[in-house]
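K.L.:
just to be clear, the model below is a prediction. Sequence and coordinates:
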Amino acid sequence: MTKFMLKCFGLVTILLFGVLFGIQKAHFEMDELKGSPQESVESSSNPSMKQEESKQNHASASSHDIKTKQETLSKIDSFNVFSALGQRLTSWISSAFGVMISIFGVIISEMLAVFSP
């Protein structure tokens with residue numbers, strides 16, 4: 001019994017650390033897609049920079065960031081095998097339930113027609 005409990009505890013801890021690692025990795029990936037907030041803080045905290053230079057730098061940085069973000073999003077959108085499988089499975093299940101409901105409706109209407117005077 002104790003061996004079983006130790007094995008279960010070991011598996012649960014491994015799975016817990018795996019989940020926590022996955023959440024942390026997803027958080028860092030989302031921060032990378034958004035862009036680092038440190039860049040905007042550093043540029044706003046430097047008052048000696050002229051306003052025109054900061055606008056030009058911001059415009060060039062944002063257009064470059066937008067292009068890189070669009071490229072990364074297109075790469076991410078190209079790999080959606082699980083999403084496509086989920087959509088197909090959902091459509092199959094919804095159509096199966098629709099057919100079952102229509103069959104039950106026909107059966108109930110036929111039963112009511114038989115028992116009606």
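P.N.:
In hand now; what should we look at? Bear in mind the structure is a predicted one, so any value in this text is a computation, not a measurement.

K.L.:
burial measure for residue 67, as a count.
P.N.:
10 (other Cβ atoms under 10 Å). Placement of C-beta: from N, CA and C, glycine included.

K.L.:
tell me where the protein has helices.
P.N.:
2-34, 37-45, 51-78, 81-115 (DSSP state H).

K.L.:
export those to TSV and tack on mean pLDDT?
P.N.:
Below are the helices of the chain laid out as TSV (pLDDT from 0 to 100):
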stretch	mean pLDDT
helix 2-34	91
helix 37-45	53
helix 51-78	66
helix 81-115	90
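
K.L.:
and for residue 116, the neighbour number?
P.N.:
There are 6 residues near residue 116, going by other Cβ under 10 Å.

K.L.:
how near is it to residue 109?
P.N.:
10 Å (Cβ to Cβ, to the nearest Å).

K.L.:
same question, residue 9
P.N.:
Counting by Cβ to Cβ - residue 9 and residue 109 are separated by 57 Å.

K.L.:
and if you look at residue 81?
P.N.:
42 Å.

K.L.:
likewise for residue 24?
P.N.:
Taking Cβ to Cβ, one finds residue 24 at 57 Å from residue 109.

K.L.:
got it, and residue 65?
P.N.:
In terms of Cβ to Cβ, residue 65 sits 61 Å off from residue 109.

K.L.:
so those two - more neighbours on which side?
P.N.:
Neighbours were tallied for residue 65 and for residue 109 using other Cβ under 10 Å; the higher tally belongs to residue 65 (13 against 10).
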